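My questions concern the predicted model and sequence given below.
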Amino acid sequence: MINVFGSHLCPDCIAFRKNLDHYGVEYKFTDILESLPNLKKFLSLRDSNPVFESVRNAGGIGIPAIVREDGSVSLDWESELRDAGYEVLAEEATGEACSIDHKNC
């Protein structure tokens, strides 16, 4: 089962969850704004994993962040769906995730 770090305020997180729910994919959603422990867990992942480097450098947040069962991380939810054999629901695709300055939100 994948673990998705995100927020209920992030359009891409919402779109990804709607796609997962539509296809009946089992996942755990960790809302990084729900509690301090959730935020700390995400920040620890974000600060230590090189996949977030370009996102951090661009001032982005890096959600949705998909943590696969093997511990690897992806920030490309649309590719995750396609790689699993699902089509992205066109009406739900929103583009890039929110950045710190609220662009793309």
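Okay, I see it. Numbers count the residues shown, from 1 in each chain.

hey, let's count contacts and neighbours off CA atoms from now on
Fine.

quick one, what contacts residue 42?
5, 32 (CA atoms under 8 Å, 6 or more residues apart in numbering).

what ranges do the strands span in this protein?
Assigned by DSSP state E, the strands in the chain fall at 2-6, 27-31, 65-67, 73-74.

Okay, now the sheet partners of the last one, with direction.
Strand 73-74 pairs in its sheet with strand 65-67 (antiparallel), by DSSP bridges.

What average pLDDT does the strand it pairs with get?
Averaged across strand 65-67, pLDDT comes to 98.

Check which residues of it are buried.
65, 66, 67 (16 or more other CA atoms under 10 Å).

mind putting the residues you listed in CSV, distance to residue 32 included?
Output for these, formatted as CSV (distance: CA to CA, whole Å):
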residue, distance to residue 32
65, 11
66, 13
67, 14
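
now, which of these sits nearest residue 83?
residue 66 (13.1 Å; CA to CA).
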